[in-house]
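In: What follows is a predicted structure for the sequence shown.
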Amino acid sequence: MVETIKYEVIREIGNVEIRRYPKIVIAKVEDPANGFNLLYRFITGGNRQKAKVKMTTPVVSQEIQMTSPVLSEMGTMAFVMPAEYTLETTPDPIDERVKIAEIPSRLVAALCFSGGWSEAHFEKETQQLLNTLSEAKIKTKGNVFTMLYNPPFIPGFLRRNEVAIEVEL
């Protein structure tokens, strides 16, 4: 069974959940073309300790940065480290493109949807998320990101995807 990052739902606004996430450690890359492969190599022993790290969900990706009304590519991908890892105990990457970072506890608004990933689908769900938050007068921080929970061989209608953004209450 794959570990999924734990969070607490503190409020629901229509289809949007406001969640409190704990502090997490991530391995990230800023290489959209090779991001998944670099991170997968890292968790399967491509690190200085040659440690195998269990895969977790979601895979977090920041494919597009909202710069209303224009969209521009940003391209980061991150794997969340299992809960038992800290910044100090996470293996050291061999590939300098893999960076280890700690994200403090934060509030995130998330909108869940199914289906395959496409830019049009992401944009539609992102607009719904941002519109819902705007109508509720909830302030956002940073950029919208995706959280993907399933491997690519899972049929689209069974996939769990989310668009999310950090918020302030």
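Out: Thanks, I have it. Residues are numbered from 1 along each chain as shown.

In: And the residue nearest the centre of this protein?
Out: Geometric centre of the chain, nearest residue: Val60, 2.2 Å, by CA atoms, centre = their mean.

In: Okay, and the beta partners of that one?
Out: Under DSSP bridges, the beta-bridge partners of Val60 are Ala78, Met147.

In: thinking it is in contact with Val80, fair?
Out: Yes - between Val60 and Val80 there is a contact under CB atoms under 8 Å: 6.8 Å. In short, each C-beta sits where N, CA and C put it, glycine included.

In: which residues do these two both contact?
Out: Common neighbours of Val60 and Val80 (criterion: CB atoms under 8 Å, 6 or more residues apart in numbering): Ile26.

In: pLDDT at Val9, what is it?
Out: Note for Val9: predicted pLDDT of 98.

In: hey, which helix or strand in the chain has the poorest pLDDT?
Out: Counting by mean pLDDT, DSSP states H and E, the chain has its least confident helix or strand at strand 59-67, which shows a mean of 63.

In: and the lengthiest helix in the chain, what's its mean pLDDT?
Out: Using DSSP state H, we find that the single longest helix of the chain is helix 119-135. For helix 119-135, mean pLDDT is 95.

In: Remind me what that helix packs against, helices and strands.
Out: Applying 3 or more CB pairs under 8 Å, 6 or more residues apart in numbering; DSSP states H and E, one finds that helix 119-135 contacts strand 16-21, strand 59-67, strand 106-113, strand 139-148, strand 161-168.

In: Could you point out which of the ones you listed sits nearest Tyr40?
Out: Smallest distance to Tyr40 across these (CB to CB): 9.9 Å, for strand 59-67.

In: neighbouring contacts of the longest helix of the chain?
Out: Under CB under 8 Å, 6+ apart, the answer for helix 119-135 is 13-16, 63-64, 66, 71, 109-111, 113, 115, 140, 144, 146, 161, 163-165, 167.
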